[in-house]
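Trainee: Turn this into a structure:
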Amino acid sequence: MKKQRLVFSDAAVADVLEQADWYRAQSGQRLALRWERAVTSAIRDVVRHPAAGSPCIFKSFELQGVRRTLIPKFPKHLLFYRFTEEEIFVLRVVHGARDLETLLS
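Mentor: Numbers count the residues shown, from 1 in each chain. Reported below is the predicted structural model:
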């Protein structure tokens, strides 16, 4: 099987960095590093098994095929992605209590 290319949206990169900055400001470097390691772990899992994420059901046609997975030890945060045979595209990494369909559109 051909190795899939991993691609991040600008928004996904900003999501991870902004959340790390927030944790750093609120609780210090240790929590920020824990967050970064947890996101890295979730991404590794997606790369190993892209079909394992839960399919999302959105009204918007453009969001068909989007999947989500939890960030380990940060269960309210979700990583949203879609994949093809050639590519895994990380859309966002956000708190699940947000208006997700609007955020992803």
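
Trainee: hey, let's count contacts and neighbours off CA atoms from now on
Mentor: Fine.

Trainee: all helices of this structure, in order?
Mentor: 10-27, 29-48, 100-104 (DSSP state H).

Trainee: Work out which residue lies at the spatial centre of the protein.
Mentor: Centrality entry for the chain: nearest residue to the mean C-alpha point is residue 79, 2.1 Å, by CA atoms, centre = their mean.

Trainee: surely it meets residue 89?
Mentor: No: if you go by CA atoms under 8 Å, residue 79 and residue 89 don't touch, sitting 10.6 Å apart.

Trainee: which residues sit in contact with residue 29?
Mentor: With CA atoms under 8 Å, 6 or more residues apart in numbering as the criterion, the residues that contact residue 29 are residue 23.

Trainee: do that again at 10 Å, thanks
Mentor: Contacts for residue 29 (CA atoms under 10 Å, 6 or more residues apart in numbering) come out as 20, 21, 23, 35.

Trainee: Flag the shaky bits of the chain, pLDDT-wise.
Mentor: Scanning the chain for pLDDT under 70 picks out the ranges 1, 97-105.

Trainee: follow-up on the earlier one: residues shared between the contacts of residue 79 and residue 89?
Mentor: Common contact partners of residue 79 and residue 89 (CA under 10 Å, 6+ apart): residue 12.
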